[in-house]
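Chemist: sequence and predicted model, in that order:
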Amino acid sequence: MPKEEHKWEYQFNLTFNGQKISKLTITDHYQQKHSDITNELIVSLVKMLDGIRLDESDYHGNCKTFKWAVKYHEKNYRLIFWQENNNPQGLWIRNCYRID
């Protein structure tokens, strides 16, 4: 039986790609391989998206998916996320990890 995915939802207030974002969902997918990452870190990174415009990635075919590399506290991270299905004001965080 597949493991049930856990998720955390946060109320948010930012603009991404010209769209107001009011909801953030983080899944536990990142915890499978990236134990040094926390929800608090992801929230801090997402706050840095305010006012940013990104082109879509080809990572996930069903929805507008984005890959974003960002430096935070002298460390580089990659965030993989998409706009939530049926709610363009929601971002769904799939993964976050350190990059060199």
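Modeler: Cool, the structure landed.

Chemist: adjacent strands (with direction) for the helix or strand where Q11 lies?
Modeler: Taking DSSP states H and E as the definition, Q11 sits inside strand 7-16. In the sheet, strand 7-16 lines up against strand 19-27 (antiparallel) (DSSP bridges).

Chemist: and the next helix or strand after the strand it pairs with with strand 19-27, angle?
Modeler: Next along the chain after strand 19-27, taking DSSP H and E as the criterion, comes helix 39-47. Taking axes from the mean of the first three to the mean of the last three C-alpha atoms, to 10 degrees, one finds helix 39-47 and strand 19-27 inclined to each other by 160 degrees.

Chemist: which other helices and strands contact helix 39-47?
Modeler: strand 7-16, strand 19-27, strand 65-72, strand 75-83, strand 90-99 (3 or more C-beta pairs under 8 Å, 6 or more residues apart in numbering; DSSP states H and E). Yep, even glycine has a C-beta here, placed from its N, CA and C like the rest.

Chemist: now do it, average pLDDT.
Modeler: For helix 39-47, mean pLDDT is 96.

Chemist: in that helix, what counts as buried?
Modeler: Residues of helix 39-47 classed as buried under the neighbour-count rule (16 or more other C-beta atoms under 10 Å) are N39, L41, I42, L45, V46.

Chemist: tell me, how many residues neighbour Q31?
Modeler: 15 (other C-beta atoms under 10 Å).

Chemist: from K20, how far out is the nearest residue to it once chain neighbours are set aside?
Modeler: Closest residue to Q31 apart from its sequence neighbours, by C-beta to C-beta, 6 or more residues apart in numbering: I37 at 7.6 Å. Distance, I37 to K20, by C-beta to C-beta, to the nearest Å: 26 Å.

Chemist: what residues are up against K7?
Modeler: K7 sits next to T25, I26, T27, D28 when contact means C-beta atoms under 8 Å, 6 or more residues apart in numbering.
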